[in-house]
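Novice: Pasting a predicted model and its sequence here:
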Amino acid sequence: MIELPSSVLQVILNFSIGLIVTVSLNIEVGFLNLPQFGRLLAVLSGAIVAAAIPGRIIAASLGLPWGADYAYHLYNFGIVAKINEALSRNPGLSIGILILTLALAAIIGGLIGYLSVYPALRLREAYLGITLLAFGELLMNIAWNYDPLVGGTMGVWVIDPFRFVGAGGARFTFAALFIFFVAIAIYVYAEFLARSPFGRTLKAVRDAEVAASVYGKDIVKIRTQTLIIGGSIAAIAGALWAFFTGSMKATTYTRLTWTFWPWAFMMLGGVGNNLGILLGVFLYTITRTAIIVYKGALSAVIPIDPEWLEYIMIGLVIVAVVLFRPQGIIPEKPTLALPKHRIKTIQKSLEKRKS
């Protein structure tokens, strides 16, 4: 298998994960205008699923400690090493456990979204955003303090379903490309969703909730479905990230990376526009990678540590977008119920009838 340079792999990986999370956020914020500041909650849920469940299932099948006596997280390094050795010889099992984990992460993420409906129905704007933000912090603290879940303060190693392609560069290349194709598939799904009757309903509720309810739209049901969809997609990103990195420690999943950065990507590209989201994630990923690759040269030119450049950049992007282009680089365009050529055909036929 062709091995890609590490800088290229970094761009592909960060772009793909960022795209998945930001698309999920855009479905909830851009399409329905929910103040979703708890994106960390679903992402962390997916990572916990990848770190806690498939390893225990395979360990139990191999006769290894799997958690009934809390041994899995205590002897995690040796157990995961044996599991990875078995996975490296069994591509079918590796692919099966990968698909099963992503499906389970999506289900758990959807359940988290469903549980978020309760405050979403009763709270509005800043109150809902703060509540969802607190939920994410709550889950992170539970994972950090309850050792049997994902190792607590020590963390755990995560099984590697990509090991069957080999180790080193081949493994990282295959994993990054797989995550990239998942991201593109989710992007295509979001595009179909935006053009579907359900997507148009979301935007109708966003723009005129009272009018939509008057026309018979069930606002509660719509919010429920949207939060389930967004939570499922974000949880898939969390599971993929845990699989790629091969480890899981709760405090490495911060609200800055998994909530505020996706908000910045969305604001930069264009809220409510999937193409704008893609562009915003891509521009930031390229810039961040350039900072990381050339930080040695930058340190001789700028008076600060280059490590802080990406944080400064995010802050400047948010301020600049709000001040000068609040609609983003690519503003949202109206979504037509029918293709333009169909609409023109109907218009011509109506004109002929009138004449």
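Specialist: Arrived safely, thanks for sending. Numbering: from 1, shown residues only.
Novice: Low-confidence ranges, the stretch 151-300 of the chain, go.
Specialist: Low-confidence segments of the stretch 151-300 of the chain (pLDDT under 70): 296, 298.
Novice: which residues in it form strands?
Specialist: With DSSP state E, counting those that start in this stretch, the ranges of strands along the stretch 151-300 of the chain come out as 156-157, 247-248.
Novice: so of these, which one's packed in deepest?
Specialist: Most buried of the strands of the stretch 151-300 of the chain by mean neighbour count (mean count of other CB atoms under 10 Å) is strand 156-157; its value is a mean of 22. From N, CA and C alone the C-beta is placed, and that goes for glycine too.
Novice: how about CSV for the strands of the stretch 151-300 of the chain, with distance to residue 84 added?
Specialist: Written out in CSV, the entries for those read as follows (distance: least, CB to CB, whole Å):
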stretch, distance to residue 84
strand 156-157, 9
strand 247-248, 13
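Novice: correct me, but residue 163 touches residue 170?
Specialist: No: with contact defined as CB atoms under 8 Å, residue 163 does not reach residue 170; the gap is 10.2 Å.
Novice: who has more neighbours, the two?
Specialist: Each of residue 163 and residue 170 had its neighbours counted (other CB atoms under 10 Å), and the higher figure belongs to residue 163 (22 against 15).
Novice: How about the contacts made by the more buried one?
Specialist: Counting by CB atoms under 8 Å, 6 or more residues apart in numbering, residue 163 makes contact with 84, 87, 88, 94, 171.
Novice: can you check residue 255 too?
Specialist: Under the criterion of CB under 8 Å, 6+ apart, the contact list for residue 255 reads 37, 40, 133, 136, 137.
Novice: Return the distance of it relative to residue 215.
Specialist: With distances taken as CB to CB, to the nearest Å, residue 255 is found 37 Å from residue 215.
Novice: Please name whichever of the strands of the stretch 151-300 of the chain is nearest to residue 105.
Specialist: Nearest to residue 105, of all these, is strand 247-248, at 12.6 Å by CB to CB.
Novice: Adding secondary structure, distance to residue 57 and pLDDT, write the contacts of residue 255 out as CSV.
Specialist: Putting the contacts of residue 255 into CSV (DSSP: H, G, I helix; E, B strand; the rest coil; distance: CB to CB, whole Å; pLDDT from 0 to 100) gives the following:
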residue, secondary structure, distance to residue 57, pLDDT
37, coil, 34, 90
40, helix, 26, 93
133, helix, 32, 87
136, helix, 27, 89
137, helix, 29, 89
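Novice: So which of the residues you listed is surrounded by the most neighbours?
Specialist: For these, the largest neighbour count, defined by other CB under 10 Å, is 27 neighbours, found at residue 40.
Novice: these two touch, right, that residue and residue 254?
Specialist: Yes: the pair residue 40 and residue 254 qualifies as a contact (CB under 8 Å) at a distance of 7.3 Å.
Novice: Can you check the pLDDT for the spatially closest residue to residue 234 that is not a sequence neighbour?
Specialist: Spatially, and ignoring its direct neighbours in sequence, residue 234 is nearest to residue 42 (3.7 Å; CB to CB, 6 or more residues apart in numbering). Confidence per residue is given as pLDDT, and for residue 42 that number is 94.
Novice: Against residue 203, how distant is residue 42?
Specialist: Shown here: residue 42 relative to residue 203, a distance of 22 Å by CB to CB.
Novice: who's more crowded, the two?
Specialist: When residue 42 and residue 203 are compared on other CB under 10 Å, the one with more neighbours turns out to be residue 42, at 37 against 19.
Novice: who's in contact with the more buried one?
Specialist: Residue 42 makes contacts with 24, 109, 112, 113, 230, 231, 232, 234, 235, 238, as judged by CB under 8 Å, 6+ apart.
Novice: Just name the closest of those to residue 73, please.
Specialist: Of all those, residue 238 has the smallest distance to residue 73: 18.6 Å, by CB to CB.
Novice: how near is residue 268 to residue 281?
Specialist: The value you get for residue 268 to residue 281, if CB to CB is used, is 9 Å.
Novice: same deal with residue 207?
Specialist: For residue 207, the distance to residue 281 under the criterion CB to CB works out to 25 Å.
Novice: which of those two has more neighbours?
Specialist: residue 281 (29 against 10).
Novice: That one contacts residue 270, correct?
Specialist: No: applying CB under 8 Å as the test, residue 281 and residue 270 come out as separate, 11.6 Å apart.
Novice: any idea where the helices of the stretch 151-300 of the chain begin and end?
Specialist: 169-195, 197-207, 209-214, 219-245, 255, 261-269, 274-293, 295-299 (DSSP state H, counting those that start in this stretch).
Novice: Show me what the second one is packed against.
Specialist: If I follow you right, that is helix 197-207. Helices and strands touching helix 197-207, as assessed by 3 or more CB pairs under 8 Å, 6 or more residues apart in numbering; DSSP states H and E, comprise helix 209-214, helix 219-245.
Novice: Residue 77: what's its closest spatial neighbour, skipping adjacent residues?
Specialist: Of all residues beyond its chain neighbours, the one nearest residue 77 is residue 157 (5.6 Å), with distances taken as CB to CB, 6+ apart.
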